[in-house]
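# have a look at this fold, sequence not included:
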């Protein structure tokens, strides 16, 4: 048994002074006020759930390359040091190519499955995705792929306007894969249909889609309007203006904003050119220097940015913990509550990470 006491608990609804008791990796008690039991005195530090990133492709010079499990581990370790105790391994590519390396025999401790960014997306909005990875809709191929590997696939981005998008979305939901609308030129009407077919999220909202127009709201308009849709948002201050992030928090229900990094393997690498991409400080682009190609972002920085921009701490933490857990159906994590996994972070007053726990076990950072 481990007791963490005299801490500022960051709960989905509020802050509270209290304590947490952990047994066998599970939170067995959450209390408020003083704790008489022996334990670690956090001296008022924040105790928050471990961060959950639903959209991340790599970091620290390593990507989630399914053919290279060592690279996957290094990328996961990079983000663990920044507080990400749960993530999906974001991959791109055709289903035939990806299927050569699945199912994975082992995943890093802080990964909960795989996110497919495509291949069924709009060729008109590829962003930094290699156009060769974009494929024509093929419901039969998706059915076969998920029949074989669906237990490891948790999330997929599909453009709602594609031919046979309805079939693709319904197939994904049949296998309990969460669907987001992404890399799309969809109209708001088609997005509305997609929500009825099973789409529940918008992939990196505002990015990979046309801007909202007053005569064509598009996916951005639907993301803002439809309360049932979760909205991913990249909070690096490069992809999205901070005031737009404030707007999103203002108009969306409290549990529908998902802070993400969209981090890529070049995150943490020196400035320079690396294949199709180039690094210039904290900005990663294609070699044209214009097309943003993922981020050099981490979840700890996401929280610090949001609070700096005026988002209250409870809402910021919730967007990186409770909300993504709910969006993915991860019912055992994402909040500090009895019966939940003891995936926890101790933060100082500057919201810097001091201690990381996964299932109650301290991690080396």
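Cool, the structure landed. Given the structure is predicted, the values throughout are model-derived calculations rather than measurements. Numbering: from 1, shown residues only.

# tell me where the stretch 51-200 of the chain has helices.
69-80, 95-99, 139-149, 165-174, 188-197 (DSSP state H, counting those that start in this stretch).

# in JSON lines: the ones you listed, plus mean pLDDT.
Converted to JSON lines, those look like this (pLDDT from 0 to 100):
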{"stretch": "helix 69-80", "mean pLDDT": "97"}
{"stretch": "helix 95-99", "mean pLDDT": "95"}
{"stretch": "helix 139-149", "mean pLDDT": "98"}
{"stretch": "helix 165-174", "mean pLDDT": "98"}
{"stretch": "helix 188-197", "mean pLDDT": "98"}
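
# for residue 318, find the nearest of these.
helix 69-80 (19.4 Å; C-beta to C-beta). No exception for glycine: its C-beta is placed from N, CA and C like everyone else's.

# any idea how far the residue nearest to residue 309 when sequence neighbours are not counted lies from residue 362?
Leaving aside its chain neighbours, residue 309 sits nearest to residue 242 (4.1 Å; criterion: C-beta to C-beta, 6 or more residues apart in numbering). Computed as C-beta to C-beta, to the nearest Å, the residue 242 to residue 362 distance reads 34 Å.

# repeat for residue 107
21 Å.

# hmm, back to that, the helices of the stretch 51-200 of the chain into CSV, with extra columns for distance to residue 342 and mean neighbour count?
CSV is the format used below for the helices of the stretch 51-200 of the chain (distance: least, C-beta to C-beta, whole Å; neighbours: other C-beta atoms under 10 Å):
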stretch, distance to residue 342, mean neighbour count
helix 69-80, 15, 20
helix 95-99, 33, 17
helix 139-149, 30, 17
helix 165-174, 31, 20
helix 188-197, 35, 18
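
# and those helices: which comes nearest residue 262?
helix 69-80 (12.0 Å).

# hang on, the earlier thing: for the residue nearest to residue 309, give its distance to residue 316.
Using C-beta to C-beta, we find residue 242 at a distance of 12 Å from residue 316.

# again with residue 228
22 Å.

# looking only at neighbour counts, state which of the two leads.
For residue 228 versus residue 316, neighbours defined as other C-beta atoms under 10 Å are more numerous around residue 316 (26 against 10).

# how about the residue positioned nearest the centre of the chain: what's its closest non-neighbour residue?
Residue closest to the average C-alpha location in the chain (C-alpha atoms, centre = their mean): residue 54, at 2.3 Å. Excluding the flanking residues, the one nearest residue 54 by C-beta to C-beta, 6+ apart is residue 324, at 5.0 Å.

# in contact with residue 254, which residues?
By C-beta atoms under 8 Å, 6 or more residues apart in numbering, residue 254 lies in contact with 315, 318.

# try it again at 7 Å.
Counting by C-beta atoms under 7 Å, 6 or more residues apart in numbering, residue 254 touches residue 315.

# on the three-state scheme, it is what?
Three-state call for residue 254 (DSSP: H, G, I helix; E, B strand; the rest coil): coil.

# now do the same for it: its pLDDT.
pLDDT for residue 254: 96.

# so which bits of stretch 325-334 are buried?
325, 326, 327, 328, 330, 333, 334 (16 or more other C-beta atoms under 10 Å).

# tabulate these (CSV), appending secondary structure and pLDDT.
As requested, the buried residues of stretch 325-334 are exported to CSV (DSSP: H, G, I helix; E, B strand; the rest coil; pLDDT from 0 to 100):
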residue, secondary structure, pLDDT
325, helix, 98
326, helix, 98
327, helix, 98
328, helix, 98
330, coil, 97
333, coil, 97
334, coil, 97
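
# in those, find the pair that's most separated.
Longest distance between any two of those is 12.4 Å, between 327 and 333; criterion C-beta to C-beta.

# helix/strand/coil for residue 17?
Residue 17 ends up strand, using three-state DSSP.

# distance of it from residue 316?
Per C-beta to C-beta, residue 17 is found 19 Å from residue 316.

# now swap in residue 4 and tell me
Residue 4 sits 21 Å away from residue 316, going by C-beta to C-beta.

# and what of residue 359?
24 Å.

# ok, and the closest non-adjacent residue to residue 223?
residue 202 (4.3 Å).

# show me what the one you found is bridged to.
residue 181, residue 231 (DSSP bridges).

# quick one, what contacts the residue nearest to the centre of the chain?
Applying C-beta under 7 Å, 6+ apart, we find residue 54 in contact with 88, 115, 155, 232, 258, 260, 324, 327, 328.

# kind regards, and thank you for your time.
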